[in-house]
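# Sequence below, structure please.
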Amino acid sequence: MRYLLPLLLLVALVAMLMLRGYVHSEISADHRVRDPAPTDKVPDKIIDGGPVIDARNPGKPVSLQIPDHKVVLTFDDGPDPTWTPKVLDELKKYHAHAVFFVTGTNASRYPDLIKRMVAEGHEVGLHTFNHPDLSYQSTSRIDRELAENQLALAGAAGVHSSLFRPPYSSFADAIDNDTWPVVQYVGSRGYIVALDSTDSEDWQRPGVKKIIHNATPQDNKGAIVLMHDFGGDRSQTVAALDKFLPDMQESGYTFVNLTDALGAPSALTPVSGMDLWKGEAFVGAVQVAEHITDILVVGLAIVGVLVFTRFGLMLVLSFVHARRVRKRDFQWGPPVTEPVSVLVPAYNERECIANTVRSLMASDHPIEVIVIDDGSTDGTADIVEALRLPNVRVVRQENSGKPAALNNGIAHARYEIVVMMDGDTVFEPTTVRELVQPFGNLRVGAVAGNAKVGNRDSLIGAWQHIEYVMGFNLDRRMYDLMGIMPTIPGAIGAFRRQALERVGGMSEDTLAEDTDITMAIHRDGWRVVYAENARAWTEAPESVQQLWSQRYRWSYGTMQAIWKHRGAFRDRGASGRFGRVGLPLVALFMVVAPLLAPLIDIFLLYGIVFGKTEQTILAWLGVLLIQAVCAAYAFRLDKERLTHLLSLPLQQVLYRQLMYVVLLQSWITAVTGGRLRWQKLRRTGAVEAPGGPTGRGTERKPAV
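You can find the predicted model right below:
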C-alpha cells in the first residue's frame, strides 16, 4: 500500500491536470485562423443565400432564410459564469428565446448554465470543443470536436443538438473553398449549419448604441443576430439587450429559437443509457479536475508563503544569532571545565568505531567514553577493547535498540553532562569543549551541535552537504533564537543529566528518539540551544536506497514525535508555549511545506510543456536564485567553500524529488497505520575529523 498509493496519487494527479489543461485549451489547442480563399468551388446559391445551410443530403445543399419579423439571437463561445447568467436574465425578463452556440470546454466547466438554458426553453448548438479553425483540421479531428462537444452537452443537460456553427465563421457570402468542405462534411454528419446575417460586433465593445444599431435587421427582414456571452467584458452586450429586446418587440419582432423560426422540430433530443452515462462521467471528471486544480493552486500559494517565510526567518534570525554568539564578550555563563561523559551507541560499526573513539581521545576537554555495544555481531566491542584506550569503557547488551542503549549508557555515566554521538561520527579536538559551554547557563538543558557531512565528495554526499549546511544548521540558528529547537541531532548533542532524568530518559515511542527527547525537554521548561563551533563529521548515506531508508525513518519519526507531544498545545507554561509556537512551526516547515512543495515542480513541468514556457522557466530560476542566496549565506556562516553549490540546480531537480516521495510515503505509512522498523545503514568508515589523530586524510578541513 505504501508504494501503490503514491503511484495511484501521481497517476490521478497527472490525469486531472491533463484533463484540466485540455478543457482550458492549453493542451491540443490550435489557434491558427486561415486567411480568406477563392470562392469558385462554392455554389452561388450558398454564397447568395441565407444564413442557414442544410447539407445533410449529399450533393443537394439547401440555403434557408429567416422569415420576416423574426430574430434569432445567437450567443457564441460560452457559457461564461459571469455574463451568461446576466444574458439569460435579460432574455427571461422579456420572454425572449435565443440559441447559444457553446464550446465543449466551457459547457463541461459550467454545466449548470447549459441546464438552465435548456430548462428556460433556449436552444443550444455546437461550436466545437476547443474552438479550432476546422479548415485546418482532418475529418477525424472534426469528428472528435463534434463528439466531445456532444459529450459535454449530454453530461450537462442530458441532450444532443443538431445545430452547429463553425468557429471563426461569418456570413454565408464569406464561405470560401477552404471552409465549404467543412460545411459539407458537417452536414453529412447530420448537422444544420447556422451562420449569421447580422453581426452586432459586440466583441469590439463599440458602445451600447452601436451594438444595437449593428444588430437591428433592415426593412423588417428576419435575421440571425450574432452576439457573444464569453470572451471578456460583456457588460455592453447585457446593457444593449435591455434596450434592444423591448424596442424590437414594440416594432413587431419576436425572438425565437432557430428551429421555431424555420418551422422545424426542435434541434435538441434527449439522450439516455450509455451516452448519458458517459456524458455525466465526463462532466463529473472535469468538475473534479477543476476543483482539484483550485485546491492545488491554493496549496501552491500556501507553500509559496511558507517557503519564503522560512527563507526570510532563516536569513534574518540566523544573522542575528551569528552576531550574538560571535561577539567578543559573549559567553553562556561561567566556563564549563568539569569532565563529561560521552556515550557512543554502536551496532555493527566495525568499519567506523575505531575512528570514532580515537577522535574522542584527541579531545581537549576531560571526558570519559562509554561505548554501548547493542548486540553487535561483527566484533565492534572487541575492536574498542583491543584499542586499550584510557577512560574508554565498553558496555555490552543484547540488541535492544538505540534508545535502550543510550539509557544504559546514561546509567553507567559518571558525570552530570552527557554527550551523545553516533558510532559512525568523529569529533574534532575542540568539539566537546565547544558543545558543553552553553551549560554555563543553568537554564540550558540540551545543546545541539553542528553536524557536517564528511563524505561529501560524491554527488549524493554533496547534495546532503548542502542540505545539512543550508537547511539543518540555518534552521537550528533560527529555532535557537525562537526558543523552539525541535531536534538535537543524534550525531552530536549534549544533555544535562537532570533534564534527562526529569523527562524519563530516551523513549522508544518513536523512531526519532532525538526529536522526541528534545521536545520533551522543551516541555519540561529547559532551554535548548545551538553551538555552531561544536562540529561533528558524520558519514552520510552513499546510495539512494540507504538515503531513502534513513530519511523515511526521520520523516516518519518526526511525525510520530509531533503526534506524541500534541497535548502540549493545551498545556500551560513552557510546555504550552512550545505546543502553541514550536509544534505548529515544526509541523508547517518540516511536514506540511515539504509535502506541498512538489506542487512547485508539478506546475513547473505543466507550465513548460503546456503553458507559457519562458515565464515559467524564469519564475523557477528566480526561486532557484533565492535558494542559492540563502545557501551561499549559510555556507559563509559555516565557513564552507562555495564550490559545492555548483550542484545546487541538480539537487533541486533530482534530490528534492526523492525527498518528496520519502515524505509522502511517510504520510501514507502514518495514515494507513503502518509500522516502520529501524534499518541499519552500511558504513565504510571513510570519514575522519579534520586535524584528528587517525591520519588517513580522507577529508580536509574547510577553508576559514
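
# was I right about R324 contacting F330?
Yes: R324 is within contact range of F330, at 6.5 Å (criterion: Cβ atoms under 8 Å). For glycine as for every other residue, the C-beta is placed from the backbone atoms N, C-alpha and C.

# need the contact list for P403.
Going by Cβ atoms under 8 Å, 6 or more residues apart in numbering, P403 touches M506, S507, E508, E513.

# Mind checking what secondary structure it has?
Look at P403: counting by DSSP: H, G, I helix; E, B strand; the rest coil, its state is helix.

# Quick check: pLDDT value at the residue nearest to it when sequence neighbours are not counted.
Leaving aside its chain neighbours, P403 sits nearest to M506 (4.0 Å; criterion: Cβ to Cβ, 6 or more residues apart in numbering). At M506, the model reports a pLDDT of 94.

# Surely M506 is within a strand?
No: counting by three-state DSSP, M506 is not part of a strand but coil.

# Start and end of stretch 53-73, how far apart?
17 Å (Cα to Cα, to the nearest Å).

# Spell out the residue ranges of the strands in the stretch 251-400 of the chain.
Here the stretch 251-400 of the chain has its strands, by DSSP state E, counting those that start in this stretch, at 254-255, 268-270, 340-346, 367-374, 392-397.

# Quick check: which of those is buried the most?
Highest mean neighbour count among these (mean count of other Cβ atoms under 10 Å): strand 340-346, with a mean of 26.

# what's in contact with that one?
Contacts for strand 340-346 (Cβ under 8 Å, 6+ apart): 353, 356-357, 360, 365-374, 376, 380-381, 384, 402, 405-406, 409-410, 413-423, 432, 436, 494.

# Name the helix or strand for the residue nearest to the spatial centre of the chain, please.
Note on the chain: the residue nearest the mean C-alpha position is L599, at 1.5 Å, using Cα atoms, centre = their mean. Element membership of L599, judged by DSSP states H and E, is helix 598-610.

# for stretch 551-567, what is the average pLDDT?
87.

# Check stretch 349-365 too.
94.

# Output that stretch as CSV, nothing but the C-alphas.
C-alpha atoms of stretch 349-365 as CSV (Å, rounded to 0.1, in the frame of the first residue of the first chain):
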residue,chain,number,x,y,z
GLU,A,349,30.0,-0.4,13.5
ARG,A,350,33.3,-2.2,12.9
GLU,A,351,34.2,0.0,9.9
CYS,A,352,33.8,3.2,11.9
ILE,A,353,34.2,2.6,15.6
ALA,A,354,38.0,2.9,15.8
ASN,A,355,38.0,6.3,14.1
THR,A,356,35.1,7.5,16.3
VAL,A,357,36.8,6.5,19.6
ARG,A,358,40.3,7.8,18.5
SER,A,359,38.8,11.2,17.6
LEU,A,360,37.4,11.4,21.1
MET,A,361,40.8,10.7,22.6
ALA,A,362,42.1,13.8,20.9
SER,A,363,39.6,16.0,22.8
ASP,A,364,40.9,19.0,24.6
HIS,A,365,38.2,18.6,27.3
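
# rewinding a little: quick one: which of the contacts of P403 is nearest R566?
Closest approach to R566 among those (Cβ to Cβ): S507, at 15.1 Å.

# I'd like the distance between the closest residue to the closest one other than its chain neighbours and H522.
Nearest residue to S507 in three dimensions, chain neighbours excluded: D516, at 5.2 Å (Cβ to Cβ, 6+ apart). D516 is 11 Å from H522, where distance means Cβ to Cβ, to the nearest Å.

# Quick check, pLDDT for the spatially closest residue to T237 that is not a sequence neighbour.
Nearest in space to T237, with sequence neighbours left out and distances taken as Cβ to Cβ, 6+ apart, is D202 at 4.5 Å. Per-residue pLDDT puts D202 at 95.

# is it true that D202 touches A239?
No: checked against Cβ under 8 Å, the pair D202 and A239 is beyond contact range at 10.2 Å.

# more neighbours, the two?
More neighbours surround D202 than the other of D202 and A239, with 27 against 16 (other Cβ atoms under 10 Å).

# before we move on, the earlier item: quick check: of the contacts of P403, which lies closest to Y606?
E513 (40.6 Å).

# ok, how many other residues are close to the closest one?
So E513, with other Cβ under 10 Å, has 24 neighbours.

# residues in contact with it?
K402, P403, L406, G490, M506, S507, G557.

# what about the third one, helix or strand, and which?
Yep, that's L406 we're talking about. Going by DSSP H and E, L406 is in helix 402-412.

# Low-confidence stretches in the stretch 501-650 of the chain?
For the stretch 501-650 of the chain, no stretch is flagged by pLDDT under 70.

# those helices in it, which residues are they?
513-523, 544-564, 573-577, 583-587, 593-596, 598-610, 613-637, 648-650 (DSSP state H, counting those that start in this stretch).

# and what of the stretch 301-450 of the chain?
353-361, 380-387, 402-412, 431-436.

# What angle do helix 380-387 and the first one make with each other?
Orientation note: helix 353-361 sits at an angle of 50 degrees relative to helix 380-387 (axes from the mean of the first three to the mean of the last three Cα atoms, to 10 degrees).

# helices and strands around helix 353-361, which ones?
For helix 353-361, the elements it packs on are strand 340-346, strand 367-374, helix 380-387, strand 392-397, strand 425-427, judged by 3 or more Cβ pairs under 8 Å, 6 or more residues apart in numbering; DSSP states H and E.

# biggest strand in the protein, by residue count?
Ranked by residue count and defined by DSSP state E, the top strand of the chain is strand 527-538.

# now that strand: how far from the chain's centre is it?
Distance of strand 527-538 from the chain centroid (Cα atoms, centre = their mean, to the nearest Å) equals 33 Å.

# swap in stretch 84-94?
40 Å.

# tell me the average confidence for that stretch?
Mean predicted confidence for stretch 84-94 is 97.

# Any buried residues in it, and which?
T84, P85, K86, V87, L88, E90, L91 (16 or more other Cβ atoms under 10 Å).

# Could you give the number of residues near the nearest residue to the fourth one once chain neighbours are set aside?
Okay, so that is V87. Closest residue to V87 apart from its sequence neighbours, by Cβ to Cβ, 6+ apart: D229 at 4.8 Å. D229 sits with 28 neighbouring residues when counted by other Cβ under 10 Å.

# Mind checking what secondary structure the residue of the chain most remote from its centre has?
Farthest-out residue of the chain from its mean C-alpha position, per Cα atoms, centre = their mean: D219, at 60.6 Å. Judged by three-state DSSP, the three-state class of D219 is coil.

# Look at it and report its pLDDT.
89.

# Since that was my last question, I'll sign off now.
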